[in-house]
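A.B. asks: just coords:
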């Protein structure tokens, strides 16, 4: 199915999401999340996470929109772990898939 052919590109965006938060790479974050709020950019730049582990639970693609449900287990530099579920909405643009919203 066409939706399955989009999965590798969507999974790459999620991998970039992890990497941006782990490395504090604001430019990478902006490339996958255009129009990110200043608070998001500040959160990324502060590099509060030693490790961000995202496990994709499901990817639902409807034409140019995708809903990615995942579970996360973020680890701070002090070793404390913060597990939670998250839903991301992505939109396919000419330049590729972009994150349009982050939700619980």
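C.D. replies: Thanks, I have the structure now. Just so we're clear, the structure is a prediction, and the values are computed from it rather than from any experiment. Numbers count the residues shown, from 1 in each chain.

A.B. asks: Now the longest helix belonging to the chain: buried residues?
C.D. replies: Using DSSP state H to define each element, the chain has its longest helix at helix 2-23. Using 16 or more other C-beta atoms under 10 Å as the test for burial, helix 2-23 gives 6, 10, 13, 14, 16, 17, 18, 20, 21, 22. For glycine as for every other residue, the C-beta is placed from the backbone atoms N, C-alpha and C.

A.B. asks: Repeat that for stretch 96-104.
C.D. replies: 97, 98, 99.

A.B. asks: Can you redo those as CSV, where the extra columns are distance to residue 83?
C.D. replies: Shown next, in CSV, are the buried residues of stretch 96-104 (distance: C-beta to C-beta, whole Å):
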residue, distance to residue 83
97, 25
98, 26
99, 21
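
A.B. asks: where along the protein do the helices fall?
C.D. replies: Under DSSP H, the chain gives helices at 2-23, 26-32, 38-45.

A.B. asks: quick one: which of those helices is nearest residue 70?
C.D. replies: Checking the helices of the chain against residue 70 by C-beta to C-beta gives helix 2-23 as the closest, at 7.1 Å.

A.B. asks: now the closest one against helix 38-45, angle please.
C.D. replies: Helix 2-23 and helix 38-45 meet at an angle of 70 degrees, taking axes from the mean of the first three to the mean of the last three C-alpha atoms, to 10 degrees as the criterion.

A.B. asks: closest one to residue 62 among the helices of the chain?
C.D. replies: With C-beta to C-beta, the closest approach to residue 62 among the helices of the chain belongs to helix 2-23: 7.8 Å.

A.B. asks: name the helices or strands packed onto that closest one?
C.D. replies: Contacts defined by 3 or more C-beta pairs under 8 Å, 6 or more residues apart in numbering; DSSP states H and E place helix 2-23 against helix 26-32, helix 38-45, strand 51-62, strand 65-75, strand 81-93, strand 96-103.

A.B. asks: Much appreciated, bye for now.
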